[in-house]
Structures are given as structure tokens and as C-alpha cells.
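In: A predicted structure for the sequence below; I have some questions about it.
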Amino acid sequence: MSEAMKEHDGTKNRRFKPYPSYKGSGVEWLGDIPAHWESCALGRAFGVQGGFAFRSEDFVADGIPVVRMSNLKAGQIDLNQAVRIPETLASEAFALRAGDLLVGMSGSISNYAWLTELDVPCQLNQRVGRVYERSGSGYLRFAMYVLGSLPAIYQVDLLAAGTAQQNISAWQLEHIRLTLPPRGEQRAIAAFLDRETAEVDALVAKKERLIEQLHERRSALITRTVTKGLDQNVPTKDSGVEWLGEIPVHWEVKRLKYLGDAIIGLTYEPSDVVGTDDEGVLVLRASNVKDGHIALEDNVFVRCAIPDRLRTKPGDILICSRSGSRALIGKSAKIDGTTVGLTFGTFMTVFRSVCNDYLFYVFNSMLFEYQSGAFLTSTINQLTVNNLKDFTVPVPPDGEQSAITNFLGRETAKIDALVTTVSDAIGRLKELRTSLISAAVTGKIDVREEAA
């Protein structure tokens, strides 16, 4: 591992030396830059072009792919889900070329794609900008790092201030200020950042895989415990359910409809939506369910008549039952003291039962996932109340339910804490990556010898 990455291991990071001399950039927020660099607009050093607003009614099953924001993935373009237009509507003015740098102009401009090669002709959509080498003064891979740096992100925030979504135009992209060293030095900085960011990215990928493994371990622990109990030596019997297999001899198998009630959420009109909790009641939606917990983010409040049955109660299990994303179907969280008395939207279902402490873990096991998958198809993307009520679950006696709940509460909390620790480390690595890029492309550190 290079010295630059040792911060990850808790050791002291190497101090990069500054340039021998600096001068004012003429830009207050940018400060001083190396004396032999210049400060200019992106469009002075590179060509910048926006795409065309192709009409949805022109899209066809077979034709020329149109590259949109959703096609910029992992630094390349993914055309698997690309929309297409007839060849007769394609224009040379919006054609992509191998070597182009594509930049998303909605959200964060650090969402980019590098076209090292282009297998098929493609057209450029309006929300994607094309940056290309033009005058010879700019090295395009250096521009890629500039656009992912803190100064560029800061400028986009200023340009998009006051808009509902962070959008910028090609003209605004062209006028983003950058610091420009001589072309040879741009190559050296880009080579240095290629090496260093690759190390960070490898560390991040390793930690992301660790989080996946922790989630798998958590799921396996829950599934094993809610099907076999805490005593692995207890006699077992055939559950009578092929996919469930053997369960402890003193357990029962029941459908959820015999254990509690499934309740569809509130239907409300757009006119019922208000601005704050002072004006209305928070409606829990799929966006409020994250990693088995209620997250009070992206909130919607309504002012309308809400039946008591549709007010959240302590211990309720909130389930995402309809969504445009199939991956969200079945995601659940338990209502606690801080989320009692709220309501939930029509795409959500609440399961209400006296044994919800135990059932919450069943809902987060592979048993629930397996049964959910049995009815989700390419045309059916919802968990109906009747489907939910027909789910089969193993049910231990009350006292054993409490013991299982306490055990899983302790053990999953340990795994969740590890996930949080690893997630925090990923966040620090990503911050380090952005900071290193920003320092290198603005001349705060001299990496010319490091790149050799």
C-alpha cells in the first residue's frame, strides 16, 4: 500500500510537499495556485457540448442507443437499458466518439463515464455533457479528476442553488473554473491519481464486500434461529412444509392470518400534502424504511382525516408492499416509541400482532424472502394483504419467542455495529479520495515526483 493510503490503517499520512512558489488565482474561493499554472474556464481548455432532448414518443425497440444519466455506471456506459431512436433521427452533431468524457449534469457531476472505446453509434441526451480534447492545452483524464474535485462540486452547488434538483446546463459546465498546469504536468497528476485512487477504490470494494458478508451472516443467523431455536439438540419433526423442513418438535406452523392483522395504508390526495409536521401528520413510505429501521428522512406530511386503525402503534411492523423497485418489496421496520401515532401510505402495509417482537425477525429472515419471491413476477410487483396473510411461519411457545427475540437482539446488534464501523471507514476513504484529488488538481500539493 502506498504511503498516501496509510491513513486507512491509522498511521500518519505522508505529507506531500507544496510547489516552490504560488500566485493569486484571481478567484477568492480558490486561493493561490502554483506560479506557472493558470486559472481558466473548462471550456477554454476543453470542448464542451450538451445533448439533445429526444422525445419519448420517438423511442423505438431497435435503433440508435441514446446515452442518458441512467446509463453512466462505474465509469463506463451501460447500454443494457438504453432507450433507442430511429437511425433517421440520429444527428452527427450529437454523436459520441471514442475518447469522450461524459458527465452527468443532474445530481453530481462526479457521475461520469469514460469512453475508452465505443462499440456502437450512440447519441447524447440533454442531461449528459460531452467533454473532449480540442485545443491541445488540456489532457482529458486530468479534466475527469477536476470535475470530481471539491472546487467543481462547490461550483455546481452554487449554480444549482434554489432548484428542486441539482441541474446545470452545458453552458454552465463550460464556465466552471479550473486550475490548469502545463499539459505534461496534467498527465503526471492524472497518472498519480490513477494509481492512488485505484488503491482507495480497491479498499472500498473490499469493505463493501465485507458489508455484504455481514448482511449474509445476519440473515443466516436469523433464519437458523427462527427455524431451529436456541437449543440445537432439541428433538425435531417434519414441519409439513417442504421448503421449511424440520422444526423443533414442540413448535407449531401457522399462517400469519391466524397470528395478527395486515392493514393497508392511507390513501390521500396531493391536495392533502402540507409542508411540516406542525401542519399535518407524517406519512411513512418506502423511503422511510432503511436497514430494518425507520429513517425520518424524505418526509411527507398530510392534513386529512386518519382513522385510528391507520395510526402506527407500538410494535407494528411496517412493510413495503408496493414499489417501482422490486428490491424494496418486503422491506420492513418496527415502530418504536418515536414513531407511534404517525400514519403510513397506501403502498405500505402494517402487520399488527401480539407476537411482533418475534415475527419481526421472521420477516427479516430468508423464510420471508423465499415466500415473497414466490409471487413476485415480471408483471406482479406487490405484496397483497392476502399474500401476506397466507405466509407460513414457524411459531415457538411464548416464552421461547422472548428468549429468541432477546438473543437475536443482542447478536444482530453486534453485526449492525460492525456494519456501521465498516461503513464509516468507507466514508473516510471516499473523503480521502476526494480530498487527494482536490489537492492535486488545484496545486495544493506537488505530486510530480510521486508520479515518476
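Out: The structure has been received and is ready for your questions. Numbering: from 1, shown residues only.
In: I'd say Glu87 and Asp62 touch.
Out: No - the pair Glu87 / Asp62 is not scored as a contact, 9.6 Å apart, by CB atoms under 8 Å. Every C-beta, even on glycine, is put in place using the N, C-alpha and C of the backbone.
In: ok, these two, which is more surrounded?
Out: Glu87 (11 against 7; other CB atoms under 10 Å).
In: phi, psi of that one?
Out: Backbone torsions of Glu87, given as degrees, to the nearest 10, read phi -60, psi -30.
In: Report the spatially nearest residue to it, omitting neighbours in sequence.
Out: Spatial nearest neighbour of Glu87, excluding adjacent residues (CB to CB, 6 or more residues apart in numbering): Ile64 at 5.7 Å.
In: What's the separation between the one you found and Ala90?
Out: Remark: distance between Ile64 and Ala90 (CB to CB, to the nearest Å) = 5 Å.
In: Can you check which residues contact both of these two?
Out: Pro121, Gln123 (CB atoms under 8 Å, 6 or more residues apart in numbering).
In: ok, Ser56 - contacts?
Out: Contact analysis of Ser56 by CB under 8 Å, 6+ apart lists Val83.
In: what kind of secondary structure is Ser135 in?
Out: Recorded secondary structure, Ser135: coil (DSSP: H, G, I helix; E, B strand; the rest coil).
In: Leu180 is in contact with that one, correct?
Out: No - counting by CB under 8 Å, Ser135 stays clear of Leu180, with 11.1 Å between them.
In: Hmm, Ile247 and Thr227 touching each other?
Out: Yes - assessed by CB under 8 Å, Thr227 is found in contact with Ile247 at 6.1 Å.
In: related to what we said a few turns ago, identify the contacts common to Ser135 and Leu180.
Out: By the contact definition CB under 8 Å, 6+ apart, Ser135 and Leu180 are jointly contacted by Ala45.
In: Going by how many neighbours each has, rank the two and give me the top one.
Out: Per other CB under 10 Å, whichever of Ser135 and Leu180 has more neighbours is Leu180, with 26 against 9.
In: Let me see the confidence value for that one.
Out: pLDDT recorded at Leu180 is 93.
In: quick one on the thing from earlier: which residues are in contact with both of Thr227 and Ile247?
Out: Jointly contacting Thr227 and Ile247 under the rule CB under 8 Å, 6+ apart are Pro394.
In: What is the neighbour count of Phe368?
Out: Using other CB under 10 Å, Phe368 has 23 neighbouring residues.
In: quick one, what contacts it?
Out: Contacts here follow CB under 8 Å, 6+ apart; on that basis Phe368 touches Gly330, Val362, Phe391.
In: Which of the residues you listed fall in strands?
Out: Per DSSP state E, strands hold no members of the contacts of Phe368.
In: Gly26 contacts Ser39, correct?
Out: Yes - in this structure, Gly26 is within contact of Ser39 by CB under 8 Å, at 6.0 Å.
In: out of those two, which sits in the more crowded spot?
Out: Counted by other CB under 10 Å, Gly26 and Ser39 do not tie: Ser39 has more neighbours, with 16 against 10.
In: Outline the domain layout of this structure.
Out: Domain ranges of the chain: 38-180, 252-395, per automatic domain parsing.
In: what distance separates the start and the end of stretch 102-120?
Out: The first residue of stretch 102-120 is 16 Å away from its last residue (CA to CA, to the nearest Å).
In: mean confidence for that stretch?
Out: For stretch 102-120, mean pLDDT rounds to 73.
In: What of stretch 132-143?
Out: Averaging pLDDT along stretch 132-143 yields 86.
In: List the buried residues in it.
Out: Buried positions in stretch 132-143, judged by neighbour count with 16 or more other CB atoms under 10 Å: Tyr132, Glu133, Gly138, Tyr139, Leu140, Arg141, Phe142, Ala143.
In: for stretch 210-221, same thing?
Out: Within stretch 210-221, the residues that count as buried by 16+ other CB under 10 Å are Leu214, Arg218, Ser219, Leu221.
In: ok, Ile176 touching Leu42?
Out: Yes - if you go by CB under 8 Å, Ile176 and Leu42 touch, sitting 4.7 Å apart.
In: what touches both of those two?
Out: Common contacts of Ile176 and Leu42, defined by CB under 8 Å, 6+ apart, comprise Leu147.
In: Compare the two (neighbour count), which wins?
Out: Leu42 (25 against 20).
In: Can you tell me how far that one is from Leu102?
Out: Here the criterion is CB to CB. By it, Leu42 lies 14 Å from Leu102.
In: Next, name the residue at the spatial heart of this structure.
Out: The centroid of the chain falls nearest to Lys290 when counting by CA atoms, centre = their mean (11.5 Å).
In: Contact partners for that residue?
Out: Lys290 is in contact with Ala333, counting by CB under 8 Å, 6+ apart.
In: For it, give me phi and psi.
Out: With angles defined as degrees, to the nearest 10, Lys290 sits at phi -140, psi 120.
In: I'd like the numbering to begin with 141 instead of 1 from here.
Out: All set: I'll call the first residue 141, so the last point we hit is now Lys430.
In: Give me the local confidence score for it.
Out: pLDDT recorded at Lys430 is 87.
In: Among the domains of the chain, which comes closest to Arg550?
Out: Counting by CB to CB, Arg550 lies closest to domain 392-535 out of these; the figure is 12.2 Å.
In: Ends of that closest one, what's the gap?
Out: Domain 392-535 has an end-to-end distance of 5 Å (criterion: CA to CA).
In: chain center to it, what's the gap?
Out: 22 Å (CA atoms, centre = their mean, to the nearest Å).
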